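Trainee: Sequence and predicted structure below; questions after.
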Amino acid sequence: SADGKHDIYGVLIKPTNFDAAKRYPVIEQIYAGPQVSFAPQGFTDALGARAAYIQALAELGFVIVVQDGRGTPRRSRDFHMAPMQDEDSIALGDHVAGIRAAASSRPYMDLDRVGITGISFGGYASARAVFLFPEFYKAAVSIAGPHDYRTMISSISVERFFGVPGEKGADGDAYARVDNLHLADRLKGKLMLVAGDIDQNVPFNQTVALSDALIKAGKEFDLVLVPNAAHDVGYHPYVAQRLAGYLLRHLKQQEPPVPFAQTLK
């Protein structure tokens, strides 16, 4: 972990034609929510639909990292609660440290080409990662992320773990501290925001709010709005295309393969 006190556990997913003599861009698939663990913790965890989704991305020539840093449950209370009052409130620094540690003995991982993506709280985490660690994460695809909890229909994650509105900590009001809007001016890399317009869990207004903050900060970004898509927008075939194409272009300087990039029928 970034503080040197904990081991960080995760998995690496490689393309089936993996060649250890080559250098591969790295993509982190992240969730980082304080209510669940995300990295597979058993053999059957690696057999679900999410694993297939991640493997498909790896097949395009990436090494994928899935890991759990501090702030996630199922370990000690200290591990779970340590980062809650900091600006890096979900210990994204642990995710940077974990990738660096993995790459220290795996020269095929190219740390000059690291991207990140996630859905829901993972959409929040991936955007926050590219804001807080712009020198490390060069590209992010943030899908259906809750970026401003003050305007969310549900504040369960914030108030259970980070504090209630008006509650002042060392870094000020809890809601202001954990929102992504005030970090928008830190964007240096590439960022694509994705949302469905009928998302029943994280309303579209969350993506609009972050878009507005980025525009006010004068930052260039990409926005994909999928009509008639709900909170599972990240698994929409068009979004899978755009996600892979975006990371191919910005981490490998390649266009997507032609059959992959064809228009959906």
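Mentor: Looks like it came in fine.
Trainee: contacts, neighbours, all on C-alpha from now
Mentor: OK.
Trainee: Now the element after the helix or strand where Ser211 lies, going C-ward?
Mentor: Applying DSSP states H and E as the criterion places Ser211 in helix 205-216. Counting by DSSP H and E, the next helix or strand C-terminal to helix 205-216 is strand 222-226.
Trainee: which other helices and strands contact that next one?
Mentor: With contacts taken as 3 or more C-alpha pairs under 8 Å, 6 or more residues apart in numbering; DSSP states H and E, strand 222-226 sits against strand 190-196.
Trainee: so how far is the lengthiest strand in the chain off the chain centroid?
Mentor: Counting residues, the longest strand found in the chain (DSSP state E) is strand 109-119. Relative to its chain's centre, strand 109-119 lies at 10 Å (C-alpha atoms, centre = their mean, to the nearest Å).
Trainee: and what of stretch 239-255?
Mentor: 15 Å.
Trainee: Pull the number of nearby residues for Lys190.
Mentor: 21 (other C-alpha atoms under 10 Å).
Trainee: tell me the contacts of it?
Mentor: Lys138, Ala139, Ala140, Phe221, His250 (C-alpha atoms under 8 Å, 6 or more residues apart in numbering).
Trainee: And Asn228, by the same measure?
Mentor: Gly196, Asp197, Ile198.
Trainee: Give me the secondary structure label for the last one.
Mentor: Here Ile198 is coil, with the state taken from DSSP: H, G, I helix; E, B strand; the rest coil.
Trainee: For it, which non-adjacent residue is closest in space?
Mentor: Ala230 (5.0 Å; C-alpha to C-alpha, 6 or more residues apart in numbering).
Trainee: ok, what's across the strand from Leu223?
Mentor: Leu193 (DSSP bridges).
Trainee: Please disregard the earlier target; I meant Val141.
Mentor: With DSSP bridges as the rule, Val141 is bridged to Thr117, Met192.
Trainee: Hmm, it is touching Gly118, no?
Mentor: Yes. Using C-alpha atoms under 8 Å, Val141 is in contact with Gly118, at 7.0 Å.
Trainee: where do the strands sit along the stretch 1-150 of the chain?
Mentor: Ranges of strands in the stretch 1-150 of the chain, per DSSP state E, counting those that start in this stretch, are 9-13, 24-29, 63-68, 109-119, 139-143.
Trainee: give me the number of residues near His6?
Mentor: 12.
Trainee: next one: the one 3 residues further on
Mentor: One way to gauge burial is a neighbour count; for Tyr9, by other C-alpha under 10 Å, it gives 14.
Trainee: cool, and Ala139?
Mentor: Using other C-alpha under 10 Å as the criterion, the residues surrounding Ala139 number 27.
Trainee: Point out the most buried one among the strands of the stretch 1-150 of the chain.
Mentor: With neighbours defined as mean count of other C-alpha atoms under 10 Å, those peak in mean count at strand 139-143, which reaches a mean of 29.
Trainee: which residues are contacting the helix or strand just after it?
Mentor: Remark: after strand 139-143, the chain's next helix or strand is helix 156-161, criterion DSSP H and E. For helix 156-161, contacts defined as C-alpha under 8 Å, 6+ apart pick out Pro34, Gln35, Met81, Met84, Tyr149, Val164, Ala174, Tyr175.
Trainee: if we go to 10 Å?
Mentor: 33-35, 71, 80-81, 84-85, 89, 121, 149-150, 162-165, 174-175, 178-179 (C-alpha atoms under 10 Å, 6 or more residues apart in numbering).
Trainee: Of these, just the buried ones, ChimeraX syntax please.
Mentor: One line in ChimeraX is enough to select the buried ones among the contacts of helix 156-161; burial here means 16 or more other C-alpha atoms under 10 Å:
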select :33,34,71,80,81,84,85,89,121,149,162,163,174,175,178,179
